[in-house]
Structures are given as structure tokens and as C-alpha cells.
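S.K.: fold the following for me, if possible:
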Amino acid sequence: MSAETHRTIAAIATPPGSGALGIIRVSGPAALAIAGGIVCVSAGDGLGGRPSRKLFSIRVHDPATSRTLDHGQAVIMRAPSSSTGEDVVELYLHGGWILLTSVLRLLLERGASLAEPGEFTRRAFENGKIGLTQAEAVNDLILATSERGLVEASRQIDGSMHRRIDRLTQRLADLVSGLEAAIEFGEDVDIDAPSLGEVSDLLNGIERLVSSYEIGRILREGMRVVLAGRPNVGKSSLMNALLGTERAIVTPVPGTTRDILEESLAIEGVAVRLIDTAGLAASSEPAEAAGIRRAEEALAAADVTVWVMDGSEPLRSEDAKAAALLTGRDPIVAVNKSDLPPRVSREEIVRLLAAGDIGDATFVSLSAASGDGLGRLRDRMAEKVRQALASPSREPGVSVNLRQKEALQRAGSALRLALGTAEANGPLDCLLLDLRQALDALGEITGRVCREDILGRIFSRFCVGK
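M.R.: The predicted structure is shown next:
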């Protein structure tokens, strides 16, 4: 345990603002003594005499003035049977922000240190209460923006990811220990070098986990759906219609949208990040040109592209330029303004798509103004969501984040080197070095091997009080 964990920390655990309830959390070796200095228990005995995990009434006062600040409740959770593995006191008070900060100030004056972001969860990890993948899932649970994302984070907290990595780690550790014995004792032990099949099977398991990254990213961050097309085809109107609110400014003047606009909606229980972009056309005007560059960047990062066209006007050169940015994609083609007489045929659009080497497109005829066809567009978007999340080989609750993916890729690279060494009947010590590197990379995921800078990055993303 580091010297830092001997500090007793305190923080407000509820969001800023006023509410019916506010929670202050204190954790560390002096938690009961520090909190007991500002808390009077209604039953008359001190805080230290109260049993664990029993809610009881309290009065919070300022020891310097004896002035009562609030009446509330508290609970004690003694080490090691607490969320952090330390003595923990939680105060449940009224949710006024001035009140909560005043109580927190009194705790700090009595010797507590203000908790850093994620420090309570970090202590839970360092004290063996949860694994590192579970700690990361805590933050995913807090930040979940959709029902599916919430379910995924809940499964991760239950240890689904941790167990999968543990199984791979144990198998790899067995190979390493056996190979170490073979090198150390030579002919004195009857142990063979790892077979190609064993190493290849481990590599396949790691690659399956790497492939789960995109699903995990979508469940955590949402699916990026970009509305693209030339100016004045109705992208902003379509965004407003899908959201059911006037989020984007709409005018008859081309080029009204000059920056990225983003809002979220839920489809199939998944957060969809709907992104409206500037019209894709050449421009010498600096602000408009910057908006077009951002539109192209958003398009490059899109999970789904909705190419919006104006069905009431003939094709223009700008449509061909916009289509050129869709090469290799399978867009949804939203032919807008179906409430007006048609001036472009589906065959003309198909020829334009074929000229741009664009994949299989899904066509939807709609009117953002009247709402006709919006349901069909939502259905096509829902189908894209289902396709993105379809992975028969993925275990529910097992999807890696970017940090975990990078560690898995390092493990995979080391195992590929090990395969090459084994196939070439190379030196056993070289094979051992490759396997150890793979084992260390897996250890970074669970926290068995973890540098301070990695832990700092992980927990700095948490809110204070968690």
C-alpha cells in the first residue's frame, strides 16, 4: 500500500446543484475519527460505537461554534468489508450545494484530504475489492448514454471481461512456467515446448477480443450517424425532424450550417450520435471552407452515412463531388422533398453511386417537411445498428475499450513472434521472451502488471467522489 492510501479522503458524491439529497463520502484509516468530530448521533453515543451497515440519524454541527448545519443520516462500513477496503463513513444530508461544501470544508479542516477524481474506486482496486476492468466499467456505468450501454457496463462490473482475460492469462502462464522449467532443468524434466496449436489457439482468443472493440465503442460512445450531402438539400431539416425539435437553424440560403452539430437519440437501445454537417461543396469563404473540412473529417469517422439528396432538383456537379467522399461505404441514401414533384430518378442516383465506387446503398424516399418516410429512415438506421452489433462469437458483456484493445494487440504481436520462433525451431529462450511479453500485456488489462501512469490515466476520467 502506498503512502497516499494512508490519507483519509473525503468528497461530495452527488452532482453539483440543489437536490433533495446530498451524499458525502469519507474513506481511510481516520474516517470515523474525522467524521465523528462533526457528527452527533441521536442515540447519544459516539460515531465509533455505532455498528457497521446500520443507518442511523445524526446531527452535523460546526465544532468551532456548536452551530447545527443539518440533520440527516449516516452509515459506517468498516474495513475490510467496505467498497474501498478501508473504513468508510457516508453522510446523507439535504442536497443544498452550499450546505454540502460547508460540511466538506469541516471534514478537510479536521484532517481529511480532498479526494482526487476516481480515488475511491482506485482504492477499491488497490485493496483487491475489484479488478481493473471492473473499475473501468464503473465509469462506463456512470457515463452510460443508452440502455444497451448500461447493460454492457453492468455485465463488465460483474466480472465477465475479467474472467475472460483471466482464462487466457492462466493458460499463457502455464505455457510460460512449463517452458521456464524445460529451460532451467533441461533433460531432468519431461516437459515439451508449447505446441504451435496451443499458441495459435491463444492468439485466436486474443484476436476475438480485439474484434469486440468496435461493438464496445458503439455501446459506450454511441453510433456516429453523419448526415452528408451538398448544400441546401435539407440535412438540417432532416436532423430537426428526426429529433423532433428545432436543433439546427434552417433557412433557404445555401451554406447555413457551417459547423458540426451533434445530438443524441436512442435506436434499438443504443445511443445514436446524429451529426449534421456543412454542405459538401467547394468554397473560398474561410468559415464555410473550415466547416466543409470538419464535415469531411466527420464523414471519415462515421459508422453510418446518410447521404441526403434533393429529389425535387436535377443532379448537380456538387452531388458528384459529395458522392466521391463515400467511396467504399454502404450509405443510406435519403432522397428528400418527396412532397414536391420529382426531378431526379433512382436510376440516375444509382449511376452516380456506381461511378464513385460506392457499395450497396439503401434508398429511402422521405420529406423532412411533412414527416413522410421518417419511420422508414429510422428502420434503416435500426438495421445498421443491428448489423454493427452482430457478433455471434462475442460473449455478452465482453467488449474491450481502447486501452484494453492496445494491450491485447501487443499481446497478439508477441504471440505471433512466438509462433514464428516455434515454426522455425528457434531458441527456447527467445520463445520464452515472446510469451512473457504477451503475458505482461494481458497483465496490464487486469491490473496484475500496471504502471502508475496507466492507473493515473484510467482514474483521472472519473468524477470526484467516485
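S.K.: check which residues of stretch 33-47 are buried.
M.R.: By 16 or more other Cβ atoms under 10 Å, the buried positions in stretch 33-47 come out as 33, 34, 35, 36, 37, 38, 39, 40, 41, 47. The C-beta positions use only the backbone N, C-alpha and C, and glycine is treated the same way.
S.K.: span of it from start to end?
M.R.: Stretch 33-47 has an end-to-end distance of 8 Å (criterion: Cα to Cα, to the nearest Å).
S.K.: gap between that stretch and the chain center?
M.R.: Counting by Cα atoms, centre = their mean, to the nearest Å, stretch 33-47 is centred 40 Å from the centre of its parent chain.
S.K.: and residue 422, how many residues sit next to it?
M.R.: The number of residues packed near residue 422 is 21, by other Cβ atoms under 10 Å.
S.K.: could you do residue 55 as well?
M.R.: 12.
S.K.: that one against residue 72, yeah?
M.R.: No. With contact defined as Cβ atoms under 8 Å, residue 55 does not count as touching residue 72 (10.3 Å).
S.K.: which neighbours do those two share?
M.R.: Jointly contacting residue 55 and residue 72 under the rule Cβ atoms under 8 Å, 6 or more residues apart in numbering are residue 92.
S.K.: residues in contact with residue 315?
M.R.: Counting by Cβ under 8 Å, 6+ apart, residue 315 touches 344, 348, 349, 352.
S.K.: now it: phi and psi?
M.R.: Taking degrees, to the nearest 10, you get phi -60, psi 150 for the backbone angles of residue 315.
S.K.: mind checking how far it is from residue 362?
M.R.: 19 Å (Cβ to Cβ, to the nearest Å).
S.K.: run through the stretch 251-400 of the chain and note the low-pLDDT ranges.
M.R.: Residue ranges of the stretch 251-400 of the chain with pLDDT under 70: 251-259, 280-289, 291-292, 356-359.
S.K.: show me where it has its strands.
M.R.: Remark: strands assigned in the stretch 251-400 of the chain by DSSP state E, counting those that start in this stretch are 261-267, 270-276, 304-310, 332-336, 362-365.
S.K.: now mean neighbour count and distance to residue 77 too, for those strands, in CSV please.
M.R.: Formatted as CSV, those follow (neighbours: other Cβ atoms under 10 Å; distance: least, Cβ to Cβ, whole Å):
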stretch, mean neighbour count, distance to residue 77
strand 261-267, 17, 36
strand 270-276, 23, 34
strand 304-310, 25, 46
strand 332-336, 24, 52
strand 362-365, 18, 54
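S.K.: for residue 26, find the nearest of the ones you listed.
M.R.: With Cβ to Cβ, the closest approach to residue 26 among these belongs to strand 270-276: 34.5 Å.
S.K.: so that closest one versus strand 261-267, what angle?
M.R.: Between strand 270-276 and strand 261-267, the angle comes out at 150 degrees (axes from the mean of the first three to the mean of the last three Cα atoms, to 10 degrees).
S.K.: which elements pack onto strand 270-276?
M.R.: For strand 270-276, the elements it packs on are helix 147-157, helix 213-221, strand 223-228, helix 235-243, strand 261-267, helix 374-389, judged by 3 or more Cβ pairs under 8 Å, 6 or more residues apart in numbering; DSSP states H and E.
S.K.: want to throw the ones you listed into a markdown table with distance to residue 405?
M.R.: Below are those laid out as a markdown table (distance: least, Cβ to Cβ, whole Å):
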| stretch | distance to residue 405 |
| --- | --- |
| helix 147-157 | 14 |
| helix 213-221 | 4 |
| strand 223-228 | 18 |
| helix 235-243 | 31 |
| strand 261-267 | 24 |
| helix 374-389 | 16 |
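S.K.: do you know which of those lies nearest residue 207?
M.R.: helix 213-221 (11.1 Å).
S.K.: give me the helices and strands touching the closest one, please.
M.R.: helix 147-157, strand 270-276, helix 374-389, helix 402-423.
S.K.: so which of these is the most packed in?
M.R.: Mean neighbour count (mean count of other Cβ atoms under 10 Å) peaks for strand 270-276 among the helices and strands packed on helix 213-221, with a mean of 23.
S.K.: just send the helices and strands packed on helix 213-221 back as JSON lines, with distance to residue 24 too.
M.R.: Below are those laid out as JSON lines (distance: least, Cβ to Cβ, whole Å):
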{"stretch": "helix 147-157", "distance to residue 24": "24"}
{"stretch": "strand 270-276", "distance to residue 24": "31"}
{"stretch": "helix 374-389", "distance to residue 24": "40"}
{"stretch": "helix 402-423", "distance to residue 24": "31"}
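S.K.: now the helices for the stretch 1-150 of the chain?
M.R.: 31-36, 97-109, 119-126, 132-143, 147-157 (DSSP state H, counting those that start in this stretch).
S.K.: including distance to residue 82, could those helices go into JSON lines?
M.R.: Shown next, in JSON lines, are those (distance: least, Cβ to Cβ, whole Å):
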{"stretch": "helix 31-36", "distance to residue 82": "9"}
{"stretch": "helix 97-109", "distance to residue 82": "17"}
{"stretch": "helix 119-126", "distance to residue 82": "9"}
{"stretch": "helix 132-143", "distance to residue 82": "15"}
{"stretch": "helix 147-157", "distance to residue 82": "17"}
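S.K.: distance to residue 15 and mean pLDDT added to those helices, as CSV?
M.R.: Shown next, in CSV, are the helices of the stretch 1-150 of the chain (distance: least, Cβ to Cβ, whole Å; pLDDT from 0 to 100):
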stretch, distance to residue 15, mean pLDDT
helix 31-36, 22, 95
helix 97-109, 10, 96
helix 119-126, 15, 93
helix 132-143, 10, 88
helix 147-157, 18, 88
